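> fold the stuff below for me.
(one chain, ligands or ions: 1)
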Amino acid sequence: MTELAPWASDARRSRGRRILEPALDPAQAYQVDRERIVHSTAFRRLVYKTQVFINHEGDLFRTRLTHSLEVAQLARAMARALRLNEDLVEAVALAHDLGHTPFGHAGQEALDGAYRAAEPEAGGFEHNLQSLRVVDALEQCHAGFDGLNLSFETREGILKHCSRAHAATLERDEPGGVGHRFLAGTQASLEAQLVNLADELAYNAHDIDDGVRSGLLTLPQLLDVPLVRRFRDEALAAHPPLARAHPRRLLSECIRRMQAALVADLVQGTAAALRRHAPADAAAARLCPTLVAQGAAMRAAGTELKRFLFAALYRHERVRQSMQRARQVVAELFAAYVQQPQQMPEEYASQPARERAVADYIAGMTDRFALREHQRLTGRALFAEAA
Ligand code: MG
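This next block holds a predicted model:
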């Protein structure tokens, strides 16, 4: 690893783990975190969880696992260019979606609605908070503690957003901890900020690809997006035979060029912000405004692309129909388990806080397991093709 920038997170100066583990080498703290994340059950489940498409719709669509790997890859490349901590970036990226429900945002909305209605004072279900809950409590694979006992900086990065109400609850349990910055209005580490944007760059690019693969987006339609048109024209100018090749090849080349330009822009924009603010160290960087940032032009182009994806893909009639049924699956699963907790495995059924246990159990499910459970408990198959 290249020498870290003065404002990078340094494992040897970590705020440490909630439970002391003196046998660990402090210099390897974030590497240990990354290993624990990759070996966790929640990480393996990401392979059967999706965001835009339902898991059984096709084998080549991104899953949360491949998405997390793409985020880690992008974030790591940018961290290297900026001399930020690559191990920390990778740990946060690999863990950032661990708390996601089955069926992407539709699943989260349904679970939030059901949990909020059943237990109003709990403040609802939020996937960032759930990711933290997975690594802090729900994983049960270490003898000495619940969860993965990760370093403060990795946990801080996993908690990307948090409402003030949830932050206040976290602050009560852990004063000055990972909830504090949402109350104080300070930033997370630069590494966490970087993963945040890498997440966006990753899904903007791969949702174009998956959208075309699914047939919901067409290439001519994509040419309405200036960012896509620009890199498609560049690709054709550099490789004229692409015009006669399979269209997928041109699309891949276009997306790769677009992503490389976005990455270069983000690195440049961030380097400029860092030069301007020149924080003395990682702690000082948390007191600055968000320093990991795209240039204005690319940010605007990215917003335009996102608007396009919303209208043409995320709100496509076919996606909406399948997400509507997914919402129903989650809502009916929630009702069924609250009524019959014995239908859950013993470790969930025996929890005194029933609604919380049901939310945790459902949140951990893969798309296909949720569909199977729904069919078992209700006798109905809302997704006939999954049966
Ligand atoms: Mg993500």
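
> which residues sit in contact with the residue of the stretch 1-150 of the chain found nearest the ion?
Relative to the ion, the nearest point of the stretch 1-150 of the chain is Asp97 (4.7 Å; CB to the ion). C-betas here are computed from N, CA, C, even on glycine. Contacts for Asp97 (CB atoms under 8 Å, 6 or more residues apart in numbering) come out as Leu46, Lys49, Arg64, His67, Ser68, His127, Ser131.

> hmm, try it at 10 Å
Asp97 makes contact with 42-43, 46, 49, 51, 64-65, 67-68, 71, 104, 127-128, 131, 158, 199, according to CB atoms under 10 Å, 6 or more residues apart in numbering.

> one more: Tyr203?
By CB under 10 Å, 6+ apart, the neighbours of Tyr203 are Gln51, Val52, Arg62, His67, Glu70, Val71, Asp210, Lys306, Leu309.

> can you give me the neighbour number for Ala91?
When neighbours are counted by other CB atoms under 10 Å, Ala91 registers 32.

> just Ala184 next, same as before
Here the count is done by other CB under 10 Å, and Ala184 has 13 residues near it.

> that one touches Ala168, doesn't it?
No: applying CB atoms under 10 Å, one finds Ala184 not in contact with Ala168, separated by 11.9 Å.

> my read is the residue of the stretch 1-150 of the chain closest to the ion is in a helix, agree?
No: assessed with DSSP: H, G, I helix; E, B strand; the rest coil, Asp97 is coil; it does not lie in a helix.

> show me what counts as buried in stretch 165-172.
His166, Ala167, Thr169, Leu170, Glu171 (16 or more other CB atoms under 10 Å).

> any low-confidence regions in this protein?
Within the chain, the ranges that satisfy pLDDT under 70 run 1, 55-56, 384-387.

> same thing but 50
For the chain, the stretches with pLDDT under 50 are 386-387.

> which positions in it make contact with the ion?
Contact residues, the chain versus the ion (CB under 5 Å from the ion): Asp97, Asp199.

> so where's the longest helix in the chain?
What stands out as the longest helix in the chain, according to DSSP state H, is helix 247-277.

> which strands or helices does that helix pack on?
Contact partners of helix 247-277 among helices and strands, from 3 or more CB pairs under 10 Å, 6 or more residues apart in numbering; DSSP states H and E: helix 64-82, helix 190-214, helix 219-222, helix 226-238, helix 282-285, helix 296-309.

> the same query, at a cut-off of 7 Å, please.
helix 64-82, helix 190-214, helix 226-238 (3 or more CB pairs under 7 Å, 6 or more residues apart in numbering; DSSP states H and E).
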